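Undergrad: coords below, sequence missing:
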């Protein structure tokens, strides 16, 4: 009853907060209307494709996505565990006379919300999933399969931490078990590659092999969703049920073995809370990474606002000897290169990487600079300071785009001018997104809840990009061929540049109040 009361009061208090803030209520209504409109538009749009791509490629992509989260869950379990509770739960629930079993079930229920936001982007992938003949129902199945996987992986992460915490020997055993888990995939792929000499055929054989289908969580989910989409309902239920049984079994083990998960989850909860508090206090270094920085060269070049650009360059090369080409960037480029073997249309690749950029742009050094005091002390105009503080991000995006579309263009044998137009559109889209981010910071102070902010962010991007996207599509389609594509992308690029600079100009007031970008700790 106590846990039900907490859930009930949380919902009621959220509704009361909305009634007290009409502006926020209007934003929720607009966001809901936008999402419903997108859903109806997707349902009404034809998903018929004359020559759909083989479904097993979709299986492989879904497996790769969830397998990435499997690795993240294992890494979390071996470090500080996964965050399934908030500090309010630690302060109230952990000391209350409520069964620890019920509290754990409540924590798992909270994971549904986390997994919803983690996989929300899947709902907007109907356009390119239609290449596999997948309609909106199939998109929903993929989304719910991903949600279930994230929930189960959070439980796995908690169990790994509970068992291995403080024991180097147990951590070593878990690492060996992980290697054994992935070994069949690597060995099978290697054998196929030696036999065929073709990497693409080897990947195809691996995707259709039992080694991938029966891979825990990732393989089960990918195979289950594919079975549902292929009309094999029974097989779909079997694979999804395997995931559910694993989650239930692990939860039962945690409860029956009487593991002190209160203490185990406390580390991850406090770590997350301290990072949020560090951001609120402006200590961004404490909030972002605990990685040691190797000091090689000192000193900052430049004069005035452009000194911020050289400062970010110096910091970037201290954290990574290759500067812009971090491990994450190289992995992203490699992933796009693999994806290019399946989709030979460079415009689809451009659409996908632009969508990913929507989520990654907020991690740039320019936006982070507003959480420290240096940018406020430079005696230059706000507009110049904002521009120069983001030049490092723009340069990094340019290098990234040259590699992405250069490789994709070679694979798909695309016209060099089309490749250059894609590079321009992608790079200037980053400038556009940075401008929108600053505009949000200027007028909201970054004080909206994360879920609402994401929705409004998507809505703002859609509204601002459409006036440039629509004429680009219409004019480019009317001309046709590579010439039409080039002209369409150039129109879009010019629009991105103009809107980005206008957003920077309108948001320059963000530097007039150094407390504006501080975030609330929840």
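TA: Received it, and whenever you're ready, just let me know what you need. Quick caveat, the model's predicted, so the values are computed rather than measured.
Undergrad: residues near residue 199, how many?
TA: Residues lying near residue 199 (other CB atoms under 10 Å) number 13. From N, CA and C alone the C-beta is placed, and that goes for glycine too.
Undergrad: can you tell me, leaving aside adjacent residues, what's nearest to it?
TA: The shortest distance from residue 199 to any residue other than its chain neighbours is 6.3 Å, reached at residue 193 (CB to CB, 6 or more residues apart in numbering).
Undergrad: what does residue 339 give?
TA: Residue 339 sits nearest to residue 349 (CB to CB, 6+ apart), 6.7 Å away.
Undergrad: my guess is that neighbour contacts residue 340, does it?
TA: Yes: taking contacts as CB atoms under 8 Å, residue 349 lies within contact range of residue 340: 6.1 Å.
Undergrad: elements contacting the helix or strand hosting residue 195?
TA: Remark: residue 195 resides in helix 168-196, with elements defined by DSSP states H and E. Judged by 3 or more CB pairs under 8 Å, 6 or more residues apart in numbering; DSSP states H and E, helix 168-196 is in contact with helix 55-79, helix 136-164, helix 199-207, helix 210-213.
Undergrad: which residues touch the helix or strand following the shortest one?
TA: The one in question is helix 210-213. Downstream of helix 210-213, the first helix or strand assigned by DSSP H and E is helix 218-229. Helix 218-229 has contacts (CB atoms under 8 Å, 6 or more residues apart in numbering) with 55-56, 58-60, 62-63, 66-67, 69-70, 134, 138, 141-142, 145-146, 148-149, 212-214, 233, 235-240, 242-243.
Undergrad: that older thread, adding distance to residue 393 and mean pLDDT, write the helices and strands packed on helix 168-196 out as a markdown table.
TA: Compiled in a markdown table, the helices and strands packed on helix 168-196 are given as follows (distance: least, CB to CB, whole Å; pLDDT from 0 to 100):
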| stretch | distance to residue 393 | mean pLDDT |
| --- | --- | --- |
| helix 55-79 | 24 | 83 |
| helix 136-164 | 29 | 83 |
| helix 199-207 | 33 | 84 |
| helix 210-213 | 37 | 90 |
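Undergrad: tell me which of the ones you listed sits most buried.
TA: Of all the helices and strands packed on helix 168-196, helix 136-164 has the most neighbours on average by mean count of other CB atoms under 10 Å, namely a mean of 22.
Undergrad: poorly predicted segments of the stretch 351-500 of the chain, please.
TA: Residue ranges of the stretch 351-500 of the chain with pLDDT under 70: 361-375, 377, 443-456.
Undergrad: quick revisit: could you list the buried residues of the helix holding residue 195?
TA: Using 16 or more other CB atoms under 10 Å as the test for burial, helix 168-196 gives 171, 174, 178, 184-185, 188-189, 192-193.
Undergrad: now that helix and helix 218-229, what's the angle there?
TA: Angle of helix 168-196 versus helix 218-229, following axes from the mean of the first three to the mean of the last three CA atoms, to 10 degrees, is 50 degrees.
Undergrad: which of the helices and strands packed on helix 168-196 sits closest to residue 255?
TA: Among these, the nearest to residue 255 by CB to CB is helix 136-164 (11.2 Å).
Undergrad: which strands and helices sit next to that closest one?
TA: Contact analysis of helix 136-164 by 3+ CB pairs under 8 Å, 6+ apart lists helix 22-44, helix 55-79, helix 100-118, helix 126-129, helix 168-196, helix 218-229, helix 233-256, helix 261-280 as its packing neighbours.
Undergrad: how near is residue 457 to residue 440?
TA: Residue 457 is 7 Å from residue 440, where distance means CB to CB, to the nearest Å.
Undergrad: who's the closest spatial neighbour of residue 233, skipping the chain neighbours?
TA: Closest to residue 233 by CB to CB, 6+ apart is residue 227, at 7.6 Å.
Undergrad: what's around the one you found, how many residues?
TA: By other CB under 10 Å, the residues close to residue 227 number 20.
Undergrad: again, but for residue 438
TA: Residue 438 has 26 nearby residues by other CB under 10 Å.
Undergrad: now it: which helix or strand?
TA: Residue 438 is part of helix 416-444, with elements assigned from DSSP H and E.
Undergrad: could you point out which element follows that helix?
TA: Proceeding N to C from helix 416-444, the next assigned helix or strand is helix 450-479, under DSSP H and E.
Undergrad: angle of that next one against helix 416-444?
TA: With the same axes, to 10 degrees applied, the angle from helix 450-479 to helix 416-444 works out at 150 degrees.
Undergrad: for helix 450-479, packing partners?
TA: helix 22-44, helix 100-118, helix 346-360, helix 416-444, helix 481-506.
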